[in-house]
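[1] next come a sequence and a model predicted from it.
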Amino acid sequence: MNFLSDTTAPAHPALIDAIAAANRDFAPSYGADPLTAKVEARLKAIFETDLKLVFAVSGTASNSLALSVLCPPHGAILCHDEAHIHRDERGAPEFFTGGGKLIPLKGDHAKIDLDELDRALGEIPEGFVHTSPVRALSLSNLSESGTAYAPGEVAERAGRLKGRPAFVHMDGARFANALVTLGCSPAELTWKAGIDTLCFGATKNGALGAEAVILFPSVMDRFEELQIRQKRAGHMAPKMRFMAAQFDAWLSDDLWLALAGTANARARALANGFASKEGAEVLHPVDGNEIFVRLSEPRAAQLREAGAQFYQWPDGSARFVTSWCTTETEISDALAAL
């Protein structure tokens, strides 16, 4: 019963097979291969718009590369205080931007509060030489508390930047999980709501290691700069076709949505079980595949003794993460232990 993280889960066999298939012949290097072109064309259809993309091997690399072409060294990036870019990337966004300042904001369930956003923007006027001007807003979907921004919520926050030379980035490490729960289209949750660039994560949802940095039309003119930064940062993989192969299999027949749907269903079942037990309090809405629960010591001990593995969160709660391969038996066994 491994609920530590969806990154501890194995890669889906279809993606492993796709890598093996891509290994049978020669192909151009650095993203000039037919598979990369095929994936880009498929993503244009999925997102219903023109776009450009590069691949990276981690969420930290994709977030930092994306933000580096949105925010100059003298600018600021607004994000939630619990955002991955702020808490878990060891200063990589600041490093890749050459000094861009992260300004963390508060909000329940790790979603940026609108009043907080308005306050921050009010305190950072354009043209004031003593402050770092806001050049990007970063939204995590799913958030670090496992909650989802609906399209309207994204649009509300993106709309606050109108009149400023600023852009909106989405950390979509669990974008598929959010999308499945919300029931909207990829376009509605991204560029139609004001997102300029999406870090589209597959690693947490069945891939061996594959992330896509997607530039939507509003920032496609920055593609060459993105490639330059990708190369200088050492993230332009020579055999990029193996990342493209994973995306090709992942997107085929909506496998990416099916895998996220399974993970979400298992999370809901576990959360519902926790909610029915004394000594277990679910702290946030479960909009994807993460459950945060405050457990009494006896309850936590029961789970550990039964073999359940979970992560102790800094606020004292316990985080349980389900994956594409979490079984119904694992859920029932965990609940039976309580």
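    Done, it's in. All of these numbers come straight from a predicted model, not from anything done at the bench.

[2] alpha carbons only for contacts and neighbour counts from here, please
    OK.

[3] who are the neighbours in contact with the closest residue to residue 219 other than its chain neighbours?
    In this structure, residue 219 finds its nearest non-sequential neighbour in residue 196, 6.3 Å apart by Cα to Cα, 6 or more residues apart in numbering. The neighbourhood of residue 196, defined by Cα atoms under 8 Å, 6 or more residues apart in numbering, consists of 167, 168, 169, 190, 215, 216, 217, 218, 219.

[4] just the buried ones from these?
    Buried members of the contacts of residue 196, counted by 16 or more other Cα atoms under 10 Å: 167, 168, 169, 190, 215, 216, 219.

[5] let's have those residues in CSV, adding distance to residue 2 and secondary structure.
    As requested, the buried ones among the contacts of residue 196 are exported to CSV (distance: Cα to Cα, whole Å; DSSP: H, G, I helix; E, B strand; the rest coil):
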residue, distance to residue 2, secondary structure
167, 38, strand
168, 34, strand
169, 31, strand
190, 32, coil
215, 35, strand
216, 37, coil
219, 40, helix
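
[6] these: which two are farthest apart?
    Greatest spatial distance among these (Cα to Cα): 190 and 219, at 13.2 Å.

[7] just the strands from the stretch 151-300 of the chain, written as ranges.
    All strands of the stretch 151-300 of the chain, identified by DSSP state E, counting those that start in this stretch, fall at 167-172, 197-201, 211-215, 280-282, 290-295.

[8] repeat that for the stretch 1-150 of the chain.
    52-56, 76-80, 101-105, 134-140.

[9] could those be laid out in CSV, adding mean neighbour count and mean pLDDT?
    Putting the strands of the stretch 1-150 of the chain into CSV (neighbours: other Cα atoms under 10 Å; pLDDT from 0 to 100) gives the following:
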stretch, mean neighbour count, mean pLDDT
strand 52-56, 24, 97
strand 76-80, 25, 98
strand 101-105, 20, 98
strand 134-140, 26, 98
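
[10] residue 238: which of these is closest?
    strand 52-56 (11.1 Å).

[11] okay, that closest one in PDB with CA atoms only?
    The C-alpha coordinates for strand 52-56 follow below in PDB (Å, rounded to 0.1, in the frame of the first residue of the first chain):
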ATOM      1  CA  LYS A  52       4.900  25.100 -29.800                       C
ATOM      2  CA  LEU A  53       6.600  22.700 -27.300                       C
ATOM      3  CA  VAL A  54       9.800  21.400 -25.900                       C
ATOM      4  CA  PHE A  55      10.300  18.400 -23.700                       C
ATOM      5  CA  ALA A  56      12.000  18.100 -20.300                       C
END
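
[12] what is the longest helix of this structure by residue count?
    Longest helix of the chain, by residue count under DSSP state H: helix 255-275.

[13] dump the residue contacts of residue 320.
    Contact partners of residue 320, counting by Cα under 8 Å, 6+ apart, are 3, 4, 5, 290, 291, 292, 310, 311.

[14] try it again at 6 Å.
    For residue 320, the contact set (Cα atoms under 6 Å, 6 or more residues apart in numbering) comprises 3, 290, 291, 310.

[15] backbone torsions only: list them for it.
    Dihedral pair for residue 320: phi -120, psi 130, per degrees, to the nearest 10.

[16] try the one 5 residues further on
    Taking degrees, to the nearest 10, you get phi -110, psi 10 for the backbone angles of residue 325.

[17] how close does it get to residue 189?
    26 Å (Cα to Cα, to the nearest Å).

[18] neighbour count winner among the two?
    residue 189 (26 against 18; other Cα atoms under 10 Å).

[19] how near is the more buried one to residue 180?
    Residue 189 is 11 Å from residue 180, by Cα to Cα.

[20] cool, residue 128 as well?
    Taken as Cα to Cα, the span from residue 128 to residue 180 is 42 Å.

[21] same check on residue 142?
    11 Å.

[22] who has more neighbours, those two?
    residue 142 (26 against 21).
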